[in-house]
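1. heads up, no residue letters with this:
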């Protein structure tokens, strides 16, 4: 014969089970939270292996030099880019070509790893007596596209080297010719034209490929305009035109206006928007694009996009520069997509 429990016992057991379930639930939540907090607290923060990062970036002195195209290269020429700056001379038989090749290899490793923003390589001659812009142009071309060569008046070069602590000195060799002793350090200049970090010799491409993304990410949150998901299509054979897609985020509390886009790799870059009406597609040129505070504008297929016309020579990497009038807002370097 089944046993019937009094109602009051049923209520007591029910209350007791509820309390146990509640306690068990709290315990599970505490355990899960503890595991999450433990992971969050102990998760390793990426650190540089060989780069020395300055606690406070140091502003560069004003100087006036020439690049390999005989164009002015000054302190503001570093602006909008991350720059790897190496000082040497074209008659250097060993350290200079080795270092430039290491830097070129490091850029390629970053590309292969999926990096969308790449640093520029800037080679500054400490032998302006022999290194004319024409000679510098031929020299840097041996190490791949996109390397900037800089030379000029000796006094102007010293304005740059003195602020960076870079040593160089002309020395006479046995046959009456001369060489130049110089620092083998690679200087990192940030998009604000500040001395940001350095790599001491000896140099290995893997060290740059590991440390540079960490160094460059340190300023990501403070950048006014942030570019992501960059895709630049390679012009098809016989077609001297490519397309550019990316997202641009305004990281400031004020609206940003983009009035023009430029690239040294293309004769012209225009902002366009595709429209489809009554089955007819047409492209409309945009004179400006506004980005509201904390908002993102996407340049994507079928909508806003960049039209890049007439590539300059053979290119694998592309620099895009976004302006408001004559003010450079952002400069990014990326690779071409097939």
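-> Nice, thanks for sending it over. This is a predicted model, so every value here is computed, not measured.
2. going forward, measure contacts between C-alpha atoms and count neighbours the same way
-> OK.
3. Okay, now the unreliable bits of the protein?
-> Across the chain, the ranges flagged by pLDDT under 70 are 1-46, 116, 218-223, 313-315, 338.
4. And it, what are its domain boundaries?
-> For the chain, automatic domain parsing gives the domain ranges 52-221, 225-337.
5. and residue 135, what element?
-> For residue 135, the enclosing helix or strand under DSSP states H and E is helix 133-141.
6. Contacts for that helix, please.
-> 66, 67, 68, 69, 70, 90, 123, 147, 148, 149, 150, 151 (Cα atoms under 8 Å, 6 or more residues apart in numbering).
7. how about 10 Å then?
-> 66-71, 89-91, 97, 100, 121-125, 128, 130-131, 146-152 (Cα atoms under 10 Å, 6 or more residues apart in numbering).
8. same question, stretch 253-260
-> 224-225, 249-250, 269-271, 286-295, 321-330.
9. tell me which residues of the helix holding residue 135 are tucked away?
-> 133, 136, 137, 139, 140 (16 or more other Cα atoms under 10 Å).
10. same question, stretch 177-195
-> Neighbour-count burial for stretch 177-195 [16+ other Cα under 10 Å]: 180, 182-195.
11. Just the buried residues of stretch 113-124, please?
-> So, applying 16+ other Cα under 10 Å, buried residues of stretch 113-124: 115, 116, 117, 118, 119, 120, 121, 122, 123, 124.
12. Reformat the residues you listed as TSV; add secondary structure.
-> Output for these, formatted as TSV (DSSP: H, G, I helix; E, B strand; the rest coil):
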residue	secondary structure
115	coil
116	coil
117	coil
118	coil
119	coil
120	strand
121	strand
122	strand
123	strand
124	strand
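13. right, and out of these, which lies closest to residue 85?
-> Closest to residue 85 out of the buried residues of stretch 113-124 is residue 122 (4.7 Å), distances taken as Cα to Cα.
14. Tell me which residue is most central in the chain.
-> Nearest to the geometric centre of the chain sits residue 117, at 3.6 Å (Cα atoms, centre = their mean).
15. and the gap between it and residue 55?
-> According to Cα to Cα, to the nearest Å, residue 117 and residue 55 sit 23 Å apart.
16. again with residue 333
-> Residue 333 sits 26 Å away from residue 55, going by Cα to Cα.
17. Please identify which of these two sits among more neighbours.
-> Taking neighbours as other Cα atoms under 10 Å, residue 333 and residue 55 compare with residue 333 leading, 20 against 8.
18. That one is in contact with residue 110, isn't it?
-> No. Counting by Cα atoms under 10 Å, residue 110 is not a contact partner of residue 333; they are 11.7 Å apart.
19. Walking through the stretch 151-300 of the chain, point out its strands one by one.
-> Remark: strands assigned in the stretch 151-300 of the chain by DSSP state E, counting those that start in this stretch are 168-172, 178-182, 186-189, 194-199, 225-233, 241-250, 256-258, 260-262, 266-277, 280-286, 289-291, 296-299.
20. Dump the ones you listed to TSV, plus distance to residue 316.
-> Shown next, in TSV, are the strands of the stretch 151-300 of the chain (distance: least, Cα to Cα, whole Å):
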stretch	distance to residue 316
strand 168-172	34
strand 178-182	32
strand 186-189	23
strand 194-199	26
strand 225-233	10
strand 241-250	13
strand 256-258	25
strand 260-262	17
strand 266-277	12
strand 280-286	26
strand 289-291	27
strand 296-299	21
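21. Single out the most deeply packed of the ones you listed.
-> Neighbour counts (mean count of other Cα atoms under 10 Å) averaged over each of the strands of the stretch 151-300 of the chain peak at strand 186-189, with a mean of 25.
22. packing partners for it?
-> Under the contact definition 3 or more Cα pairs under 10 Å, 6 or more residues apart in numbering; DSSP states H and E, strand 186-189 sits against strand 52-59, strand 83-88, helix 95-112, strand 120-125, strand 194-199, helix 205-217.
23. Parallel or antiparallel, list what pairs with that strand.
-> strand 83-88 (antiparallel), strand 194-199 (antiparallel) (DSSP bridges).
24. Can you name the residues in contact with that strand?
-> Identification of contacts with strand 186-189 by Cα under 10 Å, 6+ apart yields 51-53, 57-60, 78-79, 81-87, 99-100, 103, 119-123, 164, 166, 194-201, 203, 212, 215-216.
25. Next: stretch 291-298.
-> Stretch 291-298 has contacts (Cα under 10 Å, 6+ apart) with 224-229, 245-258, 289-290, 304-305.
26. what's the straight distance from one end of that stretch to the other?
-> Rule used - Cα to Cα; the end-to-end distance of stretch 291-298 is 10 Å.
27. same question, stretch 235-247
-> Stretch 235-247 end-to-end distance (Cα to Cα) = 21 Å.
28. Not counting that stretch itself, show me its contacts.
-> By Cα under 10 Å, 6+ apart, the residues outside stretch 235-247 that reach it are 226-234, 266, 268-272, 296-301, 303-312, 320, 336-338.
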